[in-house]
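Sequence and predicted model, in that order:
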Amino acid sequence: MQLKGTYKEIWTISYPIILGSLAHSINQLIDTAFLGHSSKTALEAITLAGIFYFVFIFIAGGLARGCQVIIARHSGEGNNEKIGIAFDHLLLLASILSILLMFFFRYGSSYVLMFVVKSPAIQKAALSYIRMMNYAVIPVVLGFCFNGFYTGIGKTKIITIATVCMAVTNSIAGYIFIFGKFGVPPLGIKGAGIATAIADTVLFSVYLFHFIYYRQPEKYNAFTFKFIRVKQSWSIIKLSTPIVLQNLIGIGSWWFFFLSIEKIGEHELAVSGILKSLFVFIGIPVWSLASTSNTLISNIIGQNRIDEVVPALKKVLVVSVGISMSINLIIVLFPHPILSLFTNDTQLIRDCIPPFYTLMIALLFFSSAMIMNFGITGTGATFIPTIVEVFCCLFYVAYCYYFVQLKQSPLYIAWGCEVVYWLSLLTFTTIYWGSGIWRKYIKNVDSPV
């Protein structure tokens with residue numbers, strides 16, 4: 001599919017990803033909401049456990065996003081065979097990675113959590129969740145691969161179908177295993193891990209069924225593994241490594257923030273856990289449009305239409321800011337009803353309000369910064385966002401250290417670290433695109449046959 005960069009194309013690619021991401025985030029919302037009505041300790045633990053799990057799982061996400069750039073570039077060229085070659089290499093690399101991650105979660109999680117988490121009760125609860133989620137590492141990692149493939153070729157409707165199936169599964173399984181229904185004993189946070197693992201397996205199964213049923217292997221010459229080359233694997237790794245590092249630095253910094261909050265108090269951690277889930281939910285359209293900008297820019301470069309890159313990026317920015325501000329306005333007007341979805345504890349809801357407004361300020365910068373950052377990745381210059389990430393996270397961690405660990409400031413000040421991060425990212429990316437320097441760093445991502 002050769003894209004033109006119109007608003008219609010942007011929306012056609014983005015809305016299935018938005019719906020899919022919405023369904024995916026419902027997993028976290030369901031876990032947070034169910035556990036918020038089940039156990040305060042479990043609510044605190046799943047915040048740390050979820051971030052810990054995805055710090056390492058997002059290595060696979062970075063690998064898939066790097067290959068997405070390659071797939072989108074070859075889609076713009078109209079070269080289906082090279083798309084299949086890139087995808088086969090991605091699956092092979094992801095399979096090896098998933099095995100390594102399973103070993104790490106099985107044998108390393110307890111040592112890491114004992115070192116960084118203060119509360120023994122939270123340690124135990126978090127570990128029980130991670131051990132259940134470990135059974136889903138392979139389908140989660142391979143699910144990232146299929147997501148990158150379908151986004152790269154601009155055929156994103158299956159993402160919605162797959163993630164809706166996942167969300168429905170997690171809703172039903174979470175209700176059964178967390179609260180103990182239909183003869184199943186109540187398992188709390190362990191039940192949340194079981195339910196999410198089952199749901200992630202369903203997600204991967206839907207992707208795989210669709211891929212085979214609609215004969216994608218024949219169309220793209222995929223699943224043949226005939227052209228497996230060390231050189232091609234290295235190309236993907238080289239392109240993806242900066243994205244992986246960016247993910248690790250970014251999510252690791254976020255984890256540092258929540259570990260710092262946990263040292264202030266478990267109540268503050270519970271409040272921040274609710275805000276985290278809300279932030280992820282609100283950010284769905286922006287994350288989805290950012291992924292679209294990645295594909296759109298790489299596709300246009302693949303057609304050698306370099307002068308049309310910035311106009312296309314501006315259109316994605318207009319859509320992102322418009323949607324994001326509309327959602328933010330609704331949530332600012334009705335904070336109590338929305339926060340009550342996560343917990344029935346009136347004190348928790350009351351304490352969420354001040355940092356909630358700080359988070360809304362951060363989202364003003366987020367809706368633009370993310371689009372431009374992912375756009376840079378689409379040019380193939382994946383090392384640039386990583387360098388920017390390092391500087392932004394240094395500001396973020398320094399703010400956390402001073403205001404959270406040293407000063408133990410109120411949460412509305414502590415959450416100001418999000419304002420610092422997104423404002424810094426917006427500043428750096430605006431200078432990069434506005435100066436025109438991006439033209440010098442367009443990278444060739446060719447896949448040799």
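Arrived safely, thanks for sending.

residues near residue 125, how many?
Residues lying near residue 125 (other Cβ atoms under 10 Å) number 25. C-beta: built from backbone N, CA, C; applies to glycine.

same thing with residue 250?
21.

ok, now which ones touch the residue lying closest to it once chain neighbours are set aside?
Distance criterion Cβ to Cβ, 6 or more residues apart in numbering; nearest residue to residue 250, sequence neighbours excluded, is residue 389 at 5.8 Å. Neighbouring residues of residue 389 by Cβ atoms under 8 Å, 6 or more residues apart in numbering: 245, 246, 249, 250.

where do the helices sit along the stretch 1-150 of the chain?
Along the stretch 1-150 of the chain, counting by DSSP state H, counting those that start in this stretch, helices occupy 7-36, 40-77, 80-116, 120-133, 137-152.

so can I have CSV of the ones you listed showing mean pLDDT?
Listed next are the helices of the stretch 1-150 of the chain as CSV, based on pLDDT from 0 to 100:
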stretch, mean pLDDT
helix 7-36, 72
helix 40-77, 81
helix 80-116, 88
helix 120-133, 86
helix 137-152, 91
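
wait, which of those is closest to residue 271?
helix 40-77 (9.7 Å; Cβ to Cβ).

from memory residue 58 sits against residue 251, does it?
Yes. Between residue 58 and residue 251 there is a contact at 5.8 Å, judged by Cβ atoms under 8 Å.

Between these two, which has more neighbouring residues?
residue 58 (21 against 18).

Excluding residues flanking it in the chain, which one is nearest that one?
residue 247 (4.1 Å).

Let me see the contact set for the one you found.
Counted by Cβ under 8 Å, 6+ apart, residue 247 has contacts 58, 59, 61, 62.

and the two most separated of those residues?
Longest span within the contacts of residue 247, Cβ to Cβ: 59 and 61, 7.2 Å.

Make CSV out of the helices of the stretch 1-150 of the chain and add distance to residue 227.
Output for the helices of the stretch 1-150 of the chain, formatted as CSV (distance: least, Cβ to Cβ, whole Å):
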stretch, distance to residue 227
helix 7-36, 28
helix 40-77, 13
helix 80-116, 5
helix 120-133, 34
helix 137-152, 16
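
and of the ones you listed, who's closest to residue 161?
Of all the helices of the stretch 1-150 of the chain, it is helix 7-36 that lies closest to residue 161, at 8.1 Å by Cβ to Cβ.

re earlier: between the helices of the stretch 1-150 of the chain, which one is closest to residue 360.
Comparing the helices of the stretch 1-150 of the chain by Cβ to Cβ, helix 7-36 comes nearest, at 17.9 Å.

Tell me, how many residues neighbour residue 406?
Neighbours of residue 406 (other Cβ under 10 Å): 10.

what do you get for residue 346?
Residue 346 - counted by other Cβ under 10 Å - has 10 other residues nearby.

And it, how far from residue 268?
Relative to residue 268, residue 346 is positioned 16 Å away (Cβ to Cβ, to the nearest Å).

tell me which element residue 154 is part of?
Following DSSP states H and E, there is no helix or strand that holds residue 154.

need the contact list for it.
By Cβ under 8 Å, 6+ apart, the neighbours of residue 154 are 1, 3, 9, 12, 13, 72, 75, 295, 299.

go on, residue 357?
For residue 357, the contacting residues are 332, 412, by Cβ under 8 Å, 6+ apart.

Return the set of buried residues in the helix or strand that contains it.
Element membership of residue 357, judged by DSSP H and E, is helix 346-378. In terms of neighbour count (16 or more other Cβ atoms under 10 Å), helix 346-378 has its buried residues at 348-349, 351-352, 355-356, 358-378.

Likewise for stretch 381-388?
Buried-residue list, stretch 381-388, by 16+ other Cβ under 10 Å: 381, 382, 383, 384, 385, 386, 388.

out of everything not next to it in sequence, what's closest to residue 105?
residue 134 (4.3 Å).

Count the residues that sit near the one you found.
Residue 134: 19 surrounding residues under other Cβ under 10 Å.

again, but for residue 338
Neighbour number of residue 338 under other Cβ under 10 Å is 18.

my guess is it meets residue 278, correct?
Yes. With contacts counted by Cβ under 8 Å, residue 338 reaches residue 278, the gap being 7.3 Å.

Please enumerate the shared neighbours of those two.
residue 331.

which residues are contacting stretch 222-241?
62-67, 69-70, 83-90, 92-93, 216-217, 380, 382, 443, 445-449.

An error on my part: the question was meant for stretch 105-119.
44, 48, 52-53, 56, 123, 126-127, 130-131, 133-134, 137, 259, 262-263, 266.

Listing request: residues of the stretch 151-300 of the chain with sub-threshold pLDDT.
Nowhere does the stretch 151-300 of the chain drop to pLDDT under 70.

which residues in it form helices?
Using DSSP H, counting those that start in this stretch, helices in the stretch 151-300 of the chain cover 157-179, 189-213, 216-220, 230-264, 266-282, 284-302.

who wins for proximity to residue 151 among the ones you listed?
helix 284-302 (5.6 Å).

Return the list of helices and strands in contact with the closest one.
For helix 284-302, the packing partners by 3 or more Cβ pairs under 8 Å, 6 or more residues apart in numbering; DSSP states H and E come out as helix 7-36, helix 40-77, helix 137-152, helix 309-333, helix 346-378.

Between helix 157-179 and it, find me the angle.
Relative orientation of helix 284-302 versus helix 157-179 (axes from the mean of the first three to the mean of the last three Cα atoms, to 10 degrees): 150 degrees.

gap between helix 284-302 and the chain center?
Distance of helix 284-302 from the chain centroid (Cα atoms, centre = their mean, to the nearest Å) equals 14 Å.

How about stretch 73-87?
That offset, for stretch 73-87, works out to 24 Å (Cα atoms, centre = their mean).

and it, how far apart are its ends?
13 Å (Cα to Cα, to the nearest Å).

contacting residues around that stretch?
1-3, 67, 70-71, 145, 149, 152-154, 217, 219-222, 224, 227, 232, 236, 298-303, 380, 445-447, 449.

Nothing else from me, thank you.
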